Structures are given as C-alpha cells and as structure tokens.
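S.K.: whatever this is, show me its structure:
(2 chains, ligands or ions: 2)
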Amino acid sequence: MTTRAHPFRRQATVAALKETIVFWLLRAFTYVILGFGAIIFSIIIYKGSPAVFGSIRFDGAFPFIHNDFLFTKPQTLHIFRYKGELKQMSAAQYYAFTGEGTPETAPAAATPEQPLAPAVHATTEVVTPSPARATNAASALLAPATPTPPAETPAPSAAQPKIDPNDITEHETYSYAAGGIWPQIVGTVLLVIGSMTIALILGIFSAVYLSEYSKQGPLISAIRLAIVNLAGVPSIVFGLFGVGIFVIGMGWNISLLAGWFTLAFMVLPVIITASEESLRAVPRGFREGSLALGATKWQTIFSNVLPYALPGILTSSVLGIARVAGETAPILFTAAYATSDKLPWELSITPNRMHSGFLGYVEYPFLWIHDFALHGVSALPYHIYVVSSKIPQNEYTERVQYGTAFVFLAVVMAIALSSVLLRIRLRNRLKW
Amino acid sequence: MDESKPSAQTAEVVPTKVAAPSPSDKLARLNAPTIIDINNVDFYYGASKALHGINFPIKNKLVTAFIGPSGCGKSTLLRCLNRMNDLVEGTRIGAGSIKISGVDIYDPSVDVIELRKRVGMVFQKSNPFPKSIYENVVYGLRLQGINSKSRLDETVERSLRGAALWEEVRDRLHTSALGLSGGQQQRLCIARAIAVEPEIILMDEPCSALDPIATVKVEELIHQLKQDYTIVIVTHNMQQAGRCSDITAFFYMGRLIEIDATEKIFTNPTQKQTEDYISGRFG
Ligand SMILES: Nc1ncnc2c1ncn2[C@@H]1O[C@H](COP(=O)(O)OP(=O)(O)OP(=O)(O)O)[C@@H](O)[C@H]1O
Ligand SMILES: [Mg+2]
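M.R.: Ligands and ions are numbered 1, 2, ... in the order given. Okay, the predicted model is just below:
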C-alpha cells in the first residue's frame, strides 16, 4: 500500500510512450544500416575469398607462398567443351592445350617474364627432376578455379601435336577473368605511395605557412575557406583537372606521374586541414620555450613543433590513403590502363635518348625513371569498374569480380587498421 | 584606520601624485650598475594600452621582483624585456625605450635571436619538451650548432648542478623529461635556460604551480643563481618576493607605483597602495 502511494511511481504517460517509440526507432535505423553493411561485406567475403585463399600454395621456392590470384597478371578465360567435356582454362593454358601459338601470350607463357617464378622452378628442375615440381611450375600460370586437376593439364611444349579444332565446341572467352590481379595491386601501391608523398610534402609546407607564418587576416581566411571547399569537389572534377594540366598541359599523357599529381591534389585539402589542426594542437609552450632559447622561427618549427604534429598529420593522412587507393574517377583519364602487358619496371623500350615534354631530352641513365613514371598503370578500383561493367556477370567471371573487391576491401581495412595502430603507438610515445 | 580608507581611494584614482624621488635615485644607493634601463615605456595590445610610462632601472646581479594584482601588466613588461611580445600580433611599444647594456633592444638593427640568447626566460607553466632530460638541456646549444659530445656532456652537468637537479636525475639523463615531477620539470626549465649562458634570466611566476617544498628549492636556487645572473621574477607570493629578491617593484593598472629595496618596500613603503597591497587589503 505504502509503496504504491509514493510520489515517484511509474505511470503510463504519453511522454513515456514517445520515449519508447523514439528509442526503438533509433535502434531500428541503426540495425538496418548495420545489416546492409554486414550483407555487403559478407557477400564480398563469401564470393571473393575463394579466389585468394583457394590458390595459396606452399612450396620450396621464394616467396614460398604462391598465390595465382594475387601474384599473376590477368588473362583471358577460355570456356569450351572438349569432346563434350566442359573445360575452363586461362589463355596460357588454352594455347598450350591446343598447341596454337599467339604472338603475345604463347611466348609470355613460356618465358620467365611472369612475376611468379617459373624460372626458379626450371632451375630447380635441372638439379632434381621431379614430375610433381614440373606440374607445379606449369600450374603456376593456371587459374585456380580450373575444374580439371593440374595433373591432367599437359605441360606447355612446342612439340605438342595440335589437337583437332573440331573437338572444341561452345567456345567462349572472358577478358581478365583468368589469372590474377598483380599489376592492379602494384599499380595501386605505386599510385598511393607517390601521390601521398607529393601530397604530404606540399600539404605540410602550406599548412606550416598558413598556421605559423602568415599574418591572420581576410586573405588567409579566404584561402582557408577555399581549401576546405576544395575537399568537397567531386573527384571526377579533379580527374578532368588532371587531364587538362598534367596529361595535356604538361604532356605527360596517361601516366603514373599524371596520376600521382592528380590524386595528390585531390587529397591536399584534407591533408592541409588536418596538418593545420595538428600544428595548432602543439602546445604554445613548446614554441615559446624554443624561441626563448634563441631559436629562429624555422628552427623552432622544424625541431620543436613539426615532430610533435607529425603523428596527428600521419594518422589523419591515412584516411587520405584510403581515398587515394579507392577513387576511380581521378585516374580514369590520367593514369589507368585497363590492362598493361608489362609492369612499370619491365619497361625498357625507349631509345637511349629521347624527347619528352617537360623533361626535355632524357639521357640513358634516367630512362628507366622516364619509362617508369610516364607510363600508365592498372589499379584495383579501376579494375573493379572494368570487370564489373565490361565483361558479362556470370559464374565464370564472379571469381575476378568478387576476388578483386575482396582484395580491395582487405587493403582498405589494412590501411585503416595500421592507422589505428600508428595512432596508439605514437600516442604512447609522445605525450605531454 | 578610519582615515586610511578614504585616502586609499584617492590614491587609486590619482596613482603617483605623491612626489617621490625617481626610481633611479632611490636605487642608486644599492650601489650596483644598471643592466636594463626601462625608459618611459608605453605598451599596446592593439588599441588597448597595457603599460603606462614605465620608468626604472634593473640592477646587475640582483634579483628584482615584480609584484601587483592580476592584470596589472607584470608579465607584459617581463615579456618586453626579451621581445617575447613580438609573437603576439598587433603589439607595439608606443613610446619610450628599453636598453640592455646601453643598447635599445627595439632598434631595427637588433637581432632578436641574439637578444634571446642573452636574456633567458622561465615560464609560469613549466614547459619541458617531450625529449630526454639530456636533450632538453642541450636544446639551446644544438640550435647554435654545437654538437661535440664532451662539450654537451659538460654543459648538461654544469647546468643541472646549477639548477640543483643533478643529483636527482644523473642516473636517468636519457629518460623522458615528462617523467619528472612538477618541481623537477621547472628546475629543468631553469637548467635549460642557463645552459646557453645568458646574462639575464626572466622568470614569470616560476613557482605558481609548485608545492611548498619544490618552491623552497627553486627559491634556494634563485639565491645561488644571483652570483652569476641578473634575475627578474614575477610573483604573486609576498613572502617569496620578500625572501628571494633584493629589489621589489609594485605595479598597479599598468603603472609602476613604487620600486625600492625589498626590505624597505615590505617594512616602510612610501605609497599607500603599496602598503594596502602588501598587507593584503586589496588585489
Ligand atoms: N595577448 C593579449 N592581448 C590583449 N591583451 C592582453 C594580452 N595579454 C595581456 N593582455 C592584457 O594586458 C594587461 C596586462 O596583462 P598581464 O598578463 O601582463 O598581467 P599580469 O600582471 O601578468 O597578470 P597575472 O598576474 O594574472 O599574470 C591585462 O589587462 C590583460 O588583459
Ligand atoms: Mg602574468
């Protein structure tokens, strides 16, 4: 009786009802969003991970783990029936199988040009000839999803008699659907490293100028506002800007260099803003203490401000890395090839002296830099775009489509994780 | 007592009405050469005037204490002496001059870097850099391009001994300075300041964040440092000013009210306001 009568008794009011509804509404929205995210991620992981993990092999040769999907170039997938039996082969396998030689693929399959090391296997074979090793070497080039076991695949050999073309029926080909995505991984890594280096140098310099040197006034405020707004410009606009300035204006054509600068300009606003914030977070006492000891402004900034701002700058730049790695639009017209036969360091095609737009005449010792920087690359996001829009979507192409997305997801997650670790490490080391 | 109240009020309105001998005359009998000569200095933060016609000398190898209620311009004047106020945008010396050893430090020909090497500063909030104790002390030397190991080692020991910190940290010179206690950090900042061998050390409330024991240590240190350096110290602690200074200057609302030998100020001030402030009646 007495407990009922107390003044704080719970009552069914409209306010209480509203409170419950709001709570469940907010909860529902959050879980729906989470659910969608979870579905997208699980599909990519479920369909994409077999491409990566289904092809890992451990063997005696460096780099010990061989992965056809990660470490080989894309190839065309051939689907056909041979004497009524369904076969799935990469281009290299197909030409070895039929005995046809094509100028591009057949020699490439036979020579040690692939990043995987058939050459290493070949030399090992000389010492210890083992049939298992031989098939291993051959299957290094195979698509992992091949239903026919590697042992059935005949080793590539010029002496192989041609099979009867009439035995092959229902022949279909899918570009990029066999092989791997090694050039795309390489291209993405190169694009990220180069553009982040450029962006960090330019961004830190201008952030130091804006926050430490410039007199605060309407002009600097306007510049700062412009920079912040630049961060909201769509990336395709940066792509067009890159075409105008770097590809055409500087005459770099579609190249790594043009991609580096285009991507650098795209992330610059983020980096400048983050750097300014980090610089401002360095206590005033560090500057005053240093200046009071007779340091110049630059000495103070260089030895007593920048080192303490750097962790903050780097951690926020990691978000920039994810953006650089993920954007397709800026590299669409500036840096990306859908496919390139050679990796950037395999290019040595130029004569020992040649003219190139901004560099003037380039002499022999620097030609590799020239070839390296002034050729386009492939990149993961662009590859996802190509394989999901330019080739049909079916059971045969799923491997490359979801596999690429899965690898890309893993790369972005690794970047995010390393940002968290970096932040924790630097926080522990630098505290004030 | 009944009469003192109205007279205190009139004194506040018309601060320096009572004709008194000029600061230079009063300090002349201390028989020490002048090192800093502050000459009718007006100082502005933008449009607002923070110092009004400050005029007095600072004597060589003596401790001068600045006292006065909050906001009266003690820090402002102190930071004028090594041109630390240059860092604040819109500040300027409106009139007058500050001469150190006869040189006007606001003259365009003066190199601020050289000035700050000669006039060191210890801040209210101790600001050790997040480096090792050793690197903190040698920071000023490294700036000057001195990297010889023996020279640096020798300076570290001399400065830390000078700052009465050597015995406490000699075994952990290469650990982070941020691991020191508040009092140790402040003494490290003093060691860092004396490592570059200045002539004058400015201290802005160096003990305000310290406990009584650490305060006593810093005060003892000031006594020692007096042998070699001219020290200017800002403090809110009357006992501290009484204990460790030779000359005390009392400021109020951006004006110098009175300056004299410390025992004179504390026992027999000529200005009513000084007496009121010291006895805790305002401020
Ligand atoms: N950066 C600044 N910009 C504008 N005005 C300032 C600035 N710094 C100080 N002032 C003003 O100048 C006057 C003197 O300030 P100052 O810091 O010198 O006082 P103080 O005597 O050191 O006080 P405290 O004992 O509280 O440290 C105050 O009125 C203050 O508001
Ligand atoms: Mg102050």
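S.K.: so residue B:175 makes contact with residue B:130?
M.R.: No - using Cβ atoms under 8 Å, residue B:175 makes no contact with residue B:130, being 11.8 Å away. Glycine gets a C-beta too; all of them are placed from N, C-alpha and C.
S.K.: which one's more surrounded, these two?
M.R.: Taking neighbours as other Cβ atoms under 10 Å in any protein chain shown, residue B:175 and residue B:130 compare with residue B:130 leading, 18 against 13.
S.K.: what does chain B put close to ligand 1?
M.R.: Proximity of chain B to ligand 1, by Cβ under 6 Å from any ligand atom, involves residues B:45, B:50, B:68, B:70-76, B:88.
S.K.: tell me which two in those residues are the farthest apart.
M.R.: Pairwise distances across the residues of chain B next to ligand 1 (Cβ to Cβ) peak at 20.2 Å, for the pair B:68 and B:88.
S.K.: picking up where we left off before, now render the residues of chain B next to ligand 1 as JSON lines, adding distance to residue A:179 and secondary structure.
M.R.: Formatted as JSON lines, the residues of chain B next to ligand 1 follow (distance: Cβ to Cβ, whole Å; DSSP: H, G, I helix; E, B strand; the rest coil):
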{"residue": "B:45", "distance to residue A:179": "70", "secondary structure": "strand"}
{"residue": "B:50", "distance to residue A:179": "75", "secondary structure": "strand"}
{"residue": "B:68", "distance to residue A:179": "81", "secondary structure": "coil"}
{"residue": "B:70", "distance to residue A:179": "76", "secondary structure": "coil"}
{"residue": "B:71", "distance to residue A:179": "76", "secondary structure": "coil"}
{"residue": "B:72", "distance to residue A:179": "79", "secondary structure": "coil"}
{"residue": "B:73", "distance to residue A:179": "77", "secondary structure": "coil"}
{"residue": "B:74", "distance to residue A:179": "76", "secondary structure": "helix"}
{"residue": "B:75", "distance to residue A:179": "71", "secondary structure": "helix"}
{"residue": "B:76", "distance to residue A:179": "73", "secondary structure": "helix"}
{"residue": "B:88", "distance to residue A:179": "65", "secondary structure": "coil"}
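S.K.: out of residue B:68 and residue B:88, which sits in the busier spot?
M.R.: Legend: neighbour count by other Cβ under 10 Å for residue B:68 and residue B:88, higher for residue B:68 (25 against 11).
S.K.: pretty sure the more buried one is touching residue B:74, no?
M.R.: Yes - the pair residue B:68 / residue B:74 is scored as a contact, 5.6 Å apart, by Cβ under 8 Å.
S.K.: overlap in contacts of the two?
M.R.: Counting by Cβ atoms under 8 Å, 6 or more residues apart in numbering or on different chains, the shared contacts of residue B:68 and residue B:74 are residue B:251.
S.K.: with respect to residue A:300, which of the residues of chain B next to ligand 1 is nearest?
M.R.: Using Cβ to Cβ, residue B:88 is the member of those that lies nearest residue A:300, at 15.7 Å.
S.K.: tell me the pLDDT at residue A:335?
M.R.: pLDDT for residue A:335: 86.
S.K.: how many other residues sit next to it?
M.R.: Number of residues near residue A:335 (other Cβ under 10 Å) recorded here: 34.
S.K.: now it: closest residue in space, sequence neighbours ignored.
M.R.: The shortest distance from residue A:335 to any non-neighbouring residue, by Cβ to Cβ, 6 or more residues apart in numbering or on different chains, is to residue A:259 (2.5 Å).
S.K.: just say helix, strand or coil for the one you found.
M.R.: Following DSSP: H, G, I helix; E, B strand; the rest coil, the label given to residue A:259 is helix.
S.K.: also residue B:140?
M.R.: helix.
S.K.: now do the same contact list for it.
M.R.: Residues near residue B:140 by Cβ under 8 Å, 6+ apart: A:293-295, B:117, B:192, B:195-196.
S.K.: and these as TSV, adding pLDDT, secondary structure and neighbour count?
M.R.: Converted to TSV, the contacts of residue B:140 look like this (pLDDT from 0 to 100; DSSP: H, G, I helix; E, B strand; the rest coil; neighbours: other Cβ atoms under 10 Å in any protein chain shown):
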residue	pLDDT	secondary structure	neighbour count
A:293	93	coil	26
A:294	91	coil	24
A:295	92	coil	24
B:117	92	helix	21
B:192	93	helix	28
B:195	93	helix	24
B:196	91	coil	23
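S.K.: can you lay out those residues as a markdown table showing distance to residue B:169?
M.R.: Converted to a markdown table, the contacts of residue B:140 look like this (distance: Cβ to Cβ, whole Å):
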| residue | distance to residue B:169 |
| --- | --- |
| A:293 | 19 |
| A:294 | 24 |
| A:295 | 23 |
| B:117 | 24 |
| B:192 | 13 |
| B:195 | 14 |
| B:196 | 19 |
